[in-house]
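Visitor: Sequence first, then the predicted structure:
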Number of protein chains: 2
Amino acid sequence: MKKFKFYCPTKIVFGEGSVVQLRNLITGKYKRILLHYGGGSIKKSGLYHEIIGILKELECEVYELSGVEPNPKLSLVYEGVKLAKEKDIELILAVGGGSVIDSAKAIGIGARYNGDVWDFYTGKSQVKETIPVGVVLTLPATGSEASMGSVITKEDGPDKLAVNDDIIRPEFAIMDPLLTLTLPDKQTFAGVTDILSHIFERYFTHTSNVDLTDHLCEATMKTVIKNAYILKKDPKDIAARAEIMLSGTIAHNGILGMGREDDWSSHSIAHELSAFYGTTHGRSLGIIFPAWMKYVYKENINRFVQFATNVFEVSVVNKTLEEVALEGINSLITFLKDIGVPTSLSEEGLPTDNFDLMAEKAVNDGSLGEFKKFTKEDVVKIYDLAK
Amino acid sequence: MKKFKFYCPTKIVFGEGSVVQLRNLITGKYKRILLHYGGGSIKKSGLYHEIIGILKELECEVYELSGVEPNPKLSLVYEGVKLAKEKDIELILAVGGGSVIDSAKAIGIGARYNGDVWDFYTGKSQVKETIPVGVVLTLPATGSEASMGSVITKEDGPDKLAVNDDIIRPEFAIMDPLLTLTLPDKQTFAGVTDILSHIFERYFTHTSNVDLTDHLCEATMKTVIKNAYILKKDPKDIAARAEIMLSGTIAHNGILGMGREDDWSSHSIAHELSAFYGTTHGRSLGIIFPAWMKYVYKENINRFVQFATNVFEVSVVNKTLEEVALEGINSLITFLKDIGVPTSLSEEGLPTDNFDLMAEKAVNDGSLGEFKKFTKEDVVKIYDLAK
């Protein structure tokens, strides 16, 4: 185990009907609130009206900024920063999934800074302060509701960069699994893949003596896989929705990575699929992760054997370690296919002729990867394995 | 899964040599510090001098209150409250194990209250505020370093009562596994038993649809058991020390109980052994838990089957569910015996003639237990099974 610090002060309020708890979380603390959301889905579901009702009842001044898109944009963040400064906003209430939350986090730090909020993403400046961010989560996937990260896209780069700092963890996250009941399957299972990926990035490590977090990772992976199968059969299974929702938070609030070296190269490699072809983040990860695994498993075959046996219960009888490791990877591929997530470029109908350019972009911040350090050529080979 | 709230803002600073991080945690925030500890062991180990060195270097005003004993006493808390008020203490630094931390928490809330701090423990008053408490942990067991609980004993009752409130979670916990290397086996394994008990109290529940927390509980139990065996062979194994230390925090910071109905009757029943005979808390739990399990397993046999198979890998082939459940309980007994923890009153040399009185005290706050509601007669039978 490596030395580590862990600090996650986000209040989790979980369960059916928990949106009404917004009242207690706000009363006596916040009056001027910026409501931040995406499109019309929260209006259609009635969630918007429920929240506005609570805020009006508490006599809050409510300002609204909607229109957050997947891969949230810097231009909207700038709008939010301007509004938050003008109106002296005290709380940004993000209602939605990871994009809305990441955008709200960016507005929060931007509004308490005299320079350009993009400075935090380029590393030019360090986060010192934020307007508190509250969350009502509608899509379990990114874990942003309790994570230390925010990823924003600058349209005229294009650049997609991240800030990671404990300061930007949301103050509270209201998590009602009922709010996820209407998600289309495609979003549900892209979310499931994102959640699993957050665990993979921590699980596949060379750090030794990490029994506890190994087993906590395996516990969460098994839970996600089992309940994803349940939702594939019955999308209305509220208990399975709850398990997936809570797993999404645990997968990315940092608990599972305590004392481990993590590796985010797959996220970077998958990101280029979203950048080049607009592929949904979770589906990009489904395409890249099996290829990444096939490319790197020999770096630490015992870890992949552990993955196969402890997560997918692959038997080791009469097999070489390599066979067990590969069977684990194939079990993951089977699972992803079963839930309708693509595991290759061809399944998603994506072209295969930009590998050089994509690889160059993926490594353009220097070396990539901890589990195995990648050159551009390595990344090309991973794209090639993903054909 | 039940509705729940979870809020644990304790900063964990973990790893070998992490005591130096005290500097960053205090700088610019606290000047007047109350150093709270037990006996001379932190002086012998050099920890006291290291801490004083850091505090002096930061030009803190340091006040000291030592003498905390197991089952920390209200009289010492009163002394601390008086001192903290007089000196306008800004941070209470608890250096030690659970007793020191619980005592520090009591002083923290007492010093920010005009009435008698005991009011919080009797339920007469509700905690509103505390002086921040910081921790340097030397004994992994109670999980108090990140928990919401404090248990204090009023000598002239005698009463042993608890406060549970998120407000009293420590602000930070420095956890260096090197500090636990010199613990005698008896303390190490009483601690291990306490850690496991905190998981049992959450794991054995009737709440259904708790896949994630079930598996997280099992992950932590397996880690504790495996690493306890390592420490039994080699008490100097620092990696195993680290696993046990981190498990102690996870076992009791609330993560494992999210959305579950928990049950603390075993803790109450075991407590009377400490009250009547001065038995170490962890050893009392070793005596009571197997008896409790034997008494209640039929209430939810599937849960005990799950415990047997998922924690102790008991095979189910050619067995009844009852046989599997009992084999799980017996596996726990074997484990406890292996690490030198008593599993019956006779092994600890304790008398068996006070069952009526002890049971009466155990239930004197009304009904006892959630997994199974106990009358006084039930508790007597559990003591009887523990003979």
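Guide: Yep, it's here. Numbering: from 1, shown residues only, chains lettered A, B, ... in the order given.

Visitor: Show me which residues of the stretch 251-387 of chain A are close to chain B?
Guide: Contacts of the stretch 251-387 of chain A with chain B, taken as CB under 8 Å from any CB of the partner chain, map to A:255, A:258, A:259. Using the backbone N, CA and C atoms, a C-beta is placed for each residue, glycine as well.

Visitor: quick one: which of the residues you listed sit in helices?
Guide: Nothing among those maps onto helices, per DSSP state H.

Visitor: Out of those, which end up buried?
Guide: Buried members of those, counted by 16 or more other CB atoms under 10 Å in any protein chain shown: A:255, A:258, A:259.

Visitor: ok, back up a step: so can I have CSV of the residues of the stretch 251-387 of chain A next to chain B showing pLDDT?
Guide: Below are these laid out as CSV (pLDDT from 0 to 100):
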residue, pLDDT
A:255, 98
A:258, 98
A:259, 98
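
Visitor: Tell me the one among the residues you listed nearest to residue B:162.
Guide: residue A:255 (25.6 Å; CB to CB).

Visitor: What strand or helix carries the residue of chain A most remote from its centre?
Guide: Distance from the centre of chain A peaks at residue A:318, with 38.4 Å (CA atoms, centre = their mean). Under DSSP states H and E, no helix or strand contains residue A:318.

Visitor: how much space between it and residue A:330?
Guide: For residue A:318, the distance to residue A:330 equals 17 Å [CB to CB, to the nearest Å].

Visitor: returning to that earlier point: what pLDDT does the model give the residue farthest from the centre of chain A?
Guide: Here, the pLDDT recorded for residue A:318 equals 97.

Visitor: which SS class is the residue nearest to the spatial centre of chain A?
Guide: With distances taken as CA atoms, centre = their mean, residue A:142 lies nearest the centre of chain A, 2.0 Å away. Secondary structure state of residue A:142, per DSSP: H, G, I helix; E, B strand; the rest coil, is coil.

Visitor: now the one 4 residues further on
Guide: For residue A:146, the reduced secondary structure class is coil; criterion used: three-state DSSP.

Visitor: With distance to residue B:241 added, can I get the buried ones among the residues of the stretch 251-387 of chain A next to chain B in CSV?
Guide: Shown next, in CSV, are these (distance: CB to CB, whole Å):
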residue, distance to residue B:241
A:255, 20
A:258, 15
A:259, 13
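
Visitor: So which of those sit within strands?
Guide: Among these, DSSP state E puts none in strands.

Visitor: before we move on, the earlier item: how much space separates the residue nearest to the centre of chain A from residue A:148?
Guide: 12 Å.

Visitor: can you list the residues of the stretch 1-150 of chain A near chain B?
Guide: Within the stretch 1-150 of chain A, the positions adjacent to chain B are A:1-18, A:21 by CB under 8 Å from any CB.

Visitor: Filter those residues down to the buried ones.
Guide: Buried residues within these, counting neighbours by 16+ other CB under 10 Å: A:1-2, A:4-15, A:18, A:21.

Visitor: Just the CA atoms of the helix or strand residue A:294 falls within, as CSV, please.
Guide: Following DSSP H and E, one finds residue A:294 within helix A:281-296. What follows is helix A:281-296, C-alpha atoms only, in CSV (Å, rounded to 0.1, in the frame of the first residue of the first chain):
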residue,chain,number,x,y,z
HIS,A,281,-18.2,8.2,-23.3
GLY,A,282,-19.3,4.9,-21.8
ARG,A,283,-19.5,3.2,-25.1
SER,A,284,-16.0,4.4,-26.0
LEU,A,285,-14.8,2.8,-22.9
GLY,A,286,-16.5,-0.5,-23.8
ILE,A,287,-14.6,-0.5,-27.1
ILE,A,288,-11.2,0.4,-25.6
PHE,A,289,-11.0,-1.5,-22.3
PRO,A,290,-11.0,-5.0,-23.7
ALA,A,291,-8.3,-4.0,-26.2
TRP,A,292,-6.3,-2.3,-23.5
MET,A,293,-6.5,-5.4,-21.3
LYS,A,294,-5.4,-7.7,-24.1
TYR,A,295,-2.4,-5.4,-24.8
VAL,A,296,-1.2,-5.1,-21.2
